[in-house]
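Attaching a predicted model along with its sequence, questions to come.
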Amino acid sequence: MKTAAKSLIVLVLITLLINSNLKAQQHAVDFYEQTFNFSADETLNIKFDGNLNKGAVLSFYNELSKSNHQSLINSLLKYKDDYKLNDWLYYQLVRKTAEQLSPKAINYHRYTLYKWFLMTKSGYDSKIAIGNNQLIFYVRNDEDISDIPFFMINQKKYMCLNYHDYGKFFQKENT
């Protein structure tokens with residue numbers, strides 16, 4: 001009887017594992033002659049309709065916080081540790097990961113919100129600013145980089161990591 005019960009438990013666990021894998025989409029990101037593989041649970045697929053306001057941004061973040069995001073964050077941080085990525089290279093990996101989750105050309109704001117979420121959940125002090133119909137993404141940085149826009153909060157410097165996406169249309173004022 002014990003063997004039959006164990007077999008039944010194993011069968012149930014295998015079924016659950018197969019079903020959970022069917023709900024996760026597998027991704028492979030080429031990254032500096034290596035490949036970063038990750039699975040994205042369907043709960044990570046959060047819609048963002050393009051209404052760029054504080055309420056919509058907070059709603060997106062809160063919904064994403066309820067998702068099964070931790071395995072993705074763990075995979076990113078493990079890759080960072082395994083390959084000894086500095087903060088800049090880690091951000092590049094996050095950019096490529098966000099591009100897989102939400103292609104930049106299809107929904108730029110959603111793509112930027114994924115970058116913000118992934119960096120924040122990875123332990124980085126990151127901020128979003130909204131203004132002039134732009135979504136500006138900042139990450140705290142102590143480096144002296146003079147050609148990148150930044151702002152200060154309590155003597156902490158936050159560098160703008162997506163100003164180049166707006167090109168000549170970037171407007172730091174009113175954000």
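Yep, it's here. Residues are numbered from 1 along each chain as shown.

got the residue ranges for the strands in this protein?
24-31, 34-41, 126-131, 134-140, 150-153, 156-160 (DSSP state E).

ok, now how distant is Asp142 from Ser59?
32 Å (C-beta to C-beta, to the nearest Å). In this view, the C-beta of every residue, glycine as well, is placed from N, C-alpha and C.

Between these two, point out the one with more neighbours.
Ser59 (14 against 7; other C-beta atoms under 10 Å).

Can you tell me how far the more buried one is from Asn53?
Relative to Asn53, and taking C-beta to C-beta, Ser59 is found at 10 Å.

do Asn154 as well
Distance from Asn154 to Asn53, by C-beta to C-beta: 26 Å.

sorry, back to before: show me which of the strands of the chain has the highest average neighbour count.
Of all those, strand 134-140 carries the top mean neighbour count, a mean of 21, counting by mean count of other C-beta atoms under 10 Å.

for that one, packing partners?
Contact analysis of strand 134-140 by 3 or more C-beta pairs under 8 Å, 6 or more residues apart in numbering; DSSP states H and E lists helix 108-121, strand 126-131, strand 156-160 as its packing neighbours.

show me the contacts for the most centrally placed residue in the chain.
By C-alpha atoms, centre = their mean, the chain has its centre lying nearest to Leu118, at 2.9 Å. By C-beta atoms under 8 Å, 6 or more residues apart in numbering, Leu118 lies in contact with 72-73, 76, 94, 97-98.

Please indicate which of the residues you listed are buried?
72-73, 76, 94, 97-98 (16 or more other C-beta atoms under 10 Å).

So Asn154 and Asn53 - more neighbours on which side?
Neighbour comparison, Asn154 and Asn53: the larger count goes to Asn53, with 9 against 4 (by other C-beta under 10 Å).

For the closest residue to the more buried one other than its chain neighbours, give its distance to Ser146.
In space, and not counting its chain neighbours, Asn53 is closest to Ile130: 6.8 Å by C-beta to C-beta, 6 or more residues apart in numbering. Ile130 sits at a distance of 25 Å from Ser146 (criterion: C-beta to C-beta).

follow-up on the earlier one: give me the pLDDT value at the residue nearest to the centre of the chain.
Looking at Leu118, its pLDDT stands at 98.

Check Lys168 too.
52.

so where's the protein uncertain?
For the chain, the stretches with pLDDT under 70 are 1-23, 50, 166-175.

Repeat the analysis, applying 50 as the threshold.
Low-confidence segments of the chain (pLDDT under 50): 18-22, 174-175.

Count the neighbours of the nearest residue to Glu99 once chain neighbours are set aside for me.
Closest residue to Glu99 apart from its sequence neighbours, by C-beta to C-beta, 6+ apart: Tyr111 at 6.6 Å. Neighbour count for Tyr111, taken as other C-beta under 10 Å: 23.
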